[in-house]
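Colleague: structure of the sequence below:
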Amino acid sequence: MTISDLLINFIFSFAVTAGFSIFFNAPKKSLIPCGIVGGIGWCAYILMSKSSYFSNVFSMVIASAVISLLSEILARKLKYPSINFIIPGILPLVPGLGLYNTMYSLVQKDYALAVSTGTDTLFKSGGIAIGILIITSFTKTYYIILKRIKLKKLEQNLEQ
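Modeller: Predicted coordinates for the structure are as follows:
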């Protein structure tokens, strides 16, 4: 994969993500950051899936984790909920073609192919959920711990 291929992938995934942000009535200030999140997430998926070291499902987990991490960072910086960035950002990752091919195989009564395609699609969808869940959980835990540390320091200062 060349740099120009990666740039083209970034541009199109940026456009898709920004378009869906408009569709979801995201604030105008967040459209470009949403597009950047979706573009980076898609490029992360493409780079990892083209590598022979990672499976498509693991690539999906890492890409959705990248999207979730960027969304959490932007949510703190821009003062918007992280869901404004996560939902449009994961849309390029959603395995819509896999869902279509699964249903098409079922209609054609090719049940072996339907099961194969369906399980792959299900694992990819689960990978998206797991990537988001891991980062969101770590972020929430981090801020809870940070808040407790600040409270303890405040209590120590008041005692002195």
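
Colleague: quick check, central residue of this structure?
Modeller: Nearest to the geometric centre of the chain sits residue 64, at 3.0 Å (Cα atoms, centre = their mean).

Colleague: host element of the nearest residue to it once chain neighbours are set aside?
Modeller: Counting by Cβ to Cβ, 6 or more residues apart in numbering, the nearest residue to residue 64 once its immediate chain neighbours are dropped is residue 131, at 3.1 Å. Backbone N, C-alpha and C define where each C-beta goes, glycine included. With secondary structure defined by DSSP states H and E, residue 131 is part of helix 111-159.

Colleague: and that helix, what does it pack against?
Modeller: If you count contacts as 3 or more Cβ pairs under 8 Å, 6 or more residues apart in numbering; DSSP states H and E, helix 111-159 packs onto helix 56-78, helix 83-90, helix 96-107.

Colleague: now do that helix against helix 83-90, angle only.
Modeller: Orientation note: helix 111-159 sits at an angle of 150 degrees relative to helix 83-90 (axes from the mean of the first three to the mean of the last three Cα atoms, to 10 degrees).

Colleague: chain center to helix 111-159: distance?
Modeller: Mean C-alpha position of helix 111-159 versus that of the full chain (Cα atoms, centre = their mean, to the nearest Å) differs by 12 Å.

Colleague: same thing with stretch 40-59?
Modeller: Its chain's C-alpha centre and that of stretch 40-59 lie 13 Å apart, by Cα atoms, centre = their mean.

Colleague: pLDDT (mean, whole number) over it?
Modeller: Rounded to a whole number, the mean pLDDT of stretch 40-59 is 92.

Colleague: got the contact list for it?
Modeller: Contacts of stretch 40-59 from elsewhere in the structure, counted by Cβ atoms under 8 Å, 6 or more residues apart in numbering, are 1, 6, 9-10, 13, 60, 62-64, 66-67, 70, 89-90, 92-93, 120, 123-124, 126-127.

Colleague: of those residues, select the buried ones using a PyMOL command.
Modeller: Selecting in PyMOL just the buried members of the contacts of stretch 40-59, where the criterion is 16 or more other Cβ atoms under 10 Å, is done with this command:
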select buried, resi 6+9+10+13+60+62+63+64+66+67+70+89+90+92+93+120+123+124+127
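
Colleague: identify whichever of the helices and strands packed on helix 111-159 lies nearest to residue 23.
Modeller: Using Cβ to Cβ as the criterion, the shortest distance between residue 23 and those is 8.4 Å, found for helix 83-90.
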